[in-house]
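>>> please work out how this folds:
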Amino acid sequence: MRRLVADVDTGIDDMLALIYLAARHRAGEIELAGVTTVAGNTTVENVAVNTRWVLDLCGCPDIPVGVGPAVPVSIPLTTTPETHGDYGLGYARPPREVGERLLVDGGEPTDHKSTASRTLTTTDVWEAALQDGPADLVATGPLTSVAMNPELVSRFDSLTIMGGAVEYRGNTTPTAEWNFWVDPDAVAMTLNEARQRDWDVTLCHLGVTETIMVTPDDIARWDLMGELGTLVKDALRFYFEFHDNEGIGYCAQVHDLLAVMVALDAVSYGIADKALVAVPDDRGAITTVAAADGGREKAATIHVLDSVDPDDVRAETQRVFATLTPSR
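As a prediction, the model looks like this:
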């Protein structure tokens, strides 16, 4: 059975990725060994609460949630309420008691003489997952946690990243994708570590992830029930409105859902190995590009996603989400 740890900045498309992973975990198809959080779409506090809420609604209170970095490596945090809402899930907001559960379910205290619970950290969750057996890591938010924990990352069998724009336009600046723009230092550090440590890295970049769309018709087909169904509708309605205002249409690009499917080899896809370097643009944002021949000694060899069938992704989403809907 594949074991996976997800590092997220939940986030509406992270929400769909988590629902997918949790549903497969509950069905016994994979083991979601833990989820860790990083600041990005919203604050790390909001991300952690959002993540706990989504997992609980999917019937997975057993999956630990670790709280990671609250700010990028060296620059101030920029969040995106215009894209994901004030709390990260569009028009939805978790109930207060979910935040309280993060502390209550924080695991055993480090000082065994103490009876106080504590909140788990990224390090706690990653170390515990790795102690229990081989695992893969997928990062769908800024790469802050990855960059700050290279020794732990080296112990995962593979790393799948959603981010960057490889020989493709950006969605935040003319050349930079959002996740990489939020923490450019982490991108440079990650690619450097990948080169030095020979990590097995797959990059799901904007040129392919933008092809994965969700529409209101998809929500109707999923037919998710109860509080989970309400969350999905309220979150995606906000996301649809954002994309519509951007001129894309009343739909949503769901980058992170594709990334977790690629991490699990759940759909057919194509990759091309490229030597990549992180290059700052004239505004200081990171542009990830294929290295020029003269710069290959400083580049990391990365598996870059270059094709996927959106219909396969839609069918796989429908298959897995159906396991969350009781038969009538």
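>>> next, give phi and psi for Lys274.
Lys274 adopts backbone torsions of phi -130, psi 150, taken as degrees, to the nearest 10.
>>> what residues are up against it?
Counting by C-beta atoms under 8 Å, 6 or more residues apart in numbering, Lys274 touches 166, 290-291, 301-302, 304. All C-beta atoms are positioned from the backbone trio N, CA, C, and that covers glycine.
>>> mind doing that once more with 7 Å?
Taking C-beta atoms under 7 Å, 6 or more residues apart in numbering, we find Lys274 in contact with 166, 290, 302, 304.
>>> and the first one, what pLDDT?
By that I understand Val166. For Val166, the pLDDT comes out at 92.
>>> how far away is it from Val146?
Distance from Val166 to Val146, counting by C-beta to C-beta, to the nearest Å: 18 Å.
>>> those two: which is more packed in?
Val146 (29 against 21; other C-beta atoms under 10 Å).
>>> now what about the helix or strand encompassing that one, what contacts it?
According to DSSP states H and E, Val146 maps onto helix 144-148. Helix 144-148 is contacted by residues 7, 36, 38, 68-69, 72-73, 122, 139, 153, 183, 186, 189-190 when judged by C-beta under 7 Å, 6+ apart.
>>> can you add pLDDT, distance to Glu177 and secondary structure and give the residues you listed back as TSV?
Output for the contacts of helix 144-148, formatted as TSV (pLDDT from 0 to 100; distance: C-beta to C-beta, whole Å; DSSP: H, G, I helix; E, B strand; the rest coil):
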residue	pLDDT	distance to Glu177	secondary structure
Asp7	98	17	strand
Thr36	98	21	strand
Val38	97	16	coil
Gly68	96	20	coil
Pro69	96	19	coil
Pro72	96	15	coil
Val73	95	17	coil
Thr122	97	22	helix
Ala139	98	13	strand
Val153	98	20	helix
Asp183	94	12	coil
Ala186	95	13	helix
Met189	95	17	helix
Thr190	96	14	helix
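>>> in JSON lines, list those along with neighbour count.
Shown next, in JSON lines, are those (neighbours: other C-beta atoms under 10 Å):
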{"residue": "Asp7", "neighbour count": "29"}
{"residue": "Thr36", "neighbour count": "30"}
{"residue": "Val38", "neighbour count": "32"}
{"residue": "Gly68", "neighbour count": "26"}
{"residue": "Pro69", "neighbour count": "23"}
{"residue": "Pro72", "neighbour count": "21"}
{"residue": "Val73", "neighbour count": "17"}
{"residue": "Thr122", "neighbour count": "26"}
{"residue": "Ala139", "neighbour count": "29"}
{"residue": "Val153", "neighbour count": "23"}
{"residue": "Asp183", "neighbour count": "31"}
{"residue": "Ala186", "neighbour count": "28"}
{"residue": "Met189", "neighbour count": "19"}
{"residue": "Thr190", "neighbour count": "28"}
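>>> count of residues packed around Pro61?
Count around Pro61 with other C-beta under 10 Å applied: 12.
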